[in-house]
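# one predicted model, sequence on top.
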Amino acid sequence: QKEVEQNSGPLSVPEGAIASLNCTYSDRGSQSFFWYRQYSGKSPELIMFIYSNGDKEDGRFTAQLNKASQYVSLLIRDSQPSDSATYLCAVRPLRGGSQGNLIFGKGTKLSVKP
Amino acid sequence: DGGITQSPKYLFRKEGQNVTLSCEQNLNHDAMYWYRQDPGQGLRLIYYSQIVNDFQKGDIAEGYSVSREKKESFPLTVTSAQKNPTAFYLCASSIASGGALNEQFFGPGTRLTVL
C-alpha cells in the first residue's frame, strides 16, 4: 500500500517566521511531488511541484526533495496570516494500478499568528 | 476564461436517491478525475478517465458511476448503493494521466449532504 504521511498539525508559527511542512512517502520509485494549499471550505490549489533532488524556489516558497530519505518538504519564508491553510502533499508513484495517479497525504494545517 | 467548473456547489440527497454532480473543463485536458474528501482526511480517488469513452475505477468506486462522452465533461453519479455519501467532492483535470509532471488542477467542489 503506497502511502504519503504528513503531520496533521496544527502547526502554529508567528507572522514573519519560516514555516516548515514535511511529507514522507513509501514508494521509493516515486517520480514527482506536488504541494497544494487548501483554504477551509475551498478546493486545493497547486503551489509547487518538484521532481529532482534538491531545492526549488518560487517566491516565498521553497520545496526540498530528498529521494534517498523519501522525504519532501515545503518551506514558507516570511509567513503571513494569509498563508493559514491546510497544505496537502501529493506524490506520483512509479508503479501502481492507477497508472501514476497522485496519492495525497491528509494534509498539515498551518496557522500563522499576527 | 479557462478553468474547471462544478455544479451545484451544495447538494442535498434523500435516502435512496441517486444524484449527479457535474464537472466541466475548458482547458483541453485529456484526463479527468473525481475525488472525495472527508473532514480531516486526504483526497481519495473515486474514478478517473484518460480519454473520451474510457474510465477506470479508483480506490473507492463502489456506489459511484461516471461517464465520459465528451472531452470537456465528466459527471459523477452518487447512487443509493453509496451508504455514506456525505462529503466534499472534487473534480480535477490534467493534460494527460501518467506523465511525471502532469499536475492536476481542481474545480471548486460540490458539498453533498445526505438528509
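Nice, thanks for sending it over.
# contacts and neighbour counts: CA atoms only from here.
Noted.
# does A:Tyr36 belong to a helix, a strand or coil?
What DSSP: H, G, I helix; E, B strand; the rest coil gives for A:Tyr36 is strand.
# just grab the bridge partners of it for me.
A:Leu46, A:Leu88 (DSSP bridges).
# so it sits right up against A:Phe61, yeah?
No. Contact criterion CA atoms under 8 Å: A:Tyr36 and A:Phe61 do not qualify, at 11.8 Å.
# between those two, who's got more neighbours?
A direct count of neighbours by other CA atoms under 10 Å in any protein chain shown for A:Tyr36 and A:Phe61 places A:Tyr36 higher, at 22 against 18.
# how about the more buried one, what does it touch?
A:Pro44, A:Glu45, A:Leu46, A:Ile47, A:Met48, A:Tyr87, A:Leu88, A:Cys89, A:Ala90 (CA atoms under 8 Å, 6 or more residues apart in numbering or on different chains).
# which of those count as buried?
A:Pro44, A:Glu45, A:Leu46, A:Met48, A:Tyr87, A:Leu88, A:Cys89, A:Ala90 (16 or more other CA atoms under 10 Å in any protein chain shown).
# which stretches in the chain count as strands?
Picking chain A for this. A:4-6, A:11-14, A:19-25, A:32-38, A:45-50, A:54-58, A:61-66, A:71-76, A:85-92, A:103-104, A:108-113 (DSSP state E).
# switch to chain B, please.
Using DSSP E, strands in chain B cover B:4-7, B:10-13, B:19-25, B:31-37, B:43-51, B:54-57, B:64-66, B:76-78, B:87-94, B:105-106, B:110-114.
# which one, of those strands, ends up nearest to A:Ser82?
Of all the strands of chain B, strand B:105-106 sits nearest to A:Ser82, with 20.2 Å by CA to CA.
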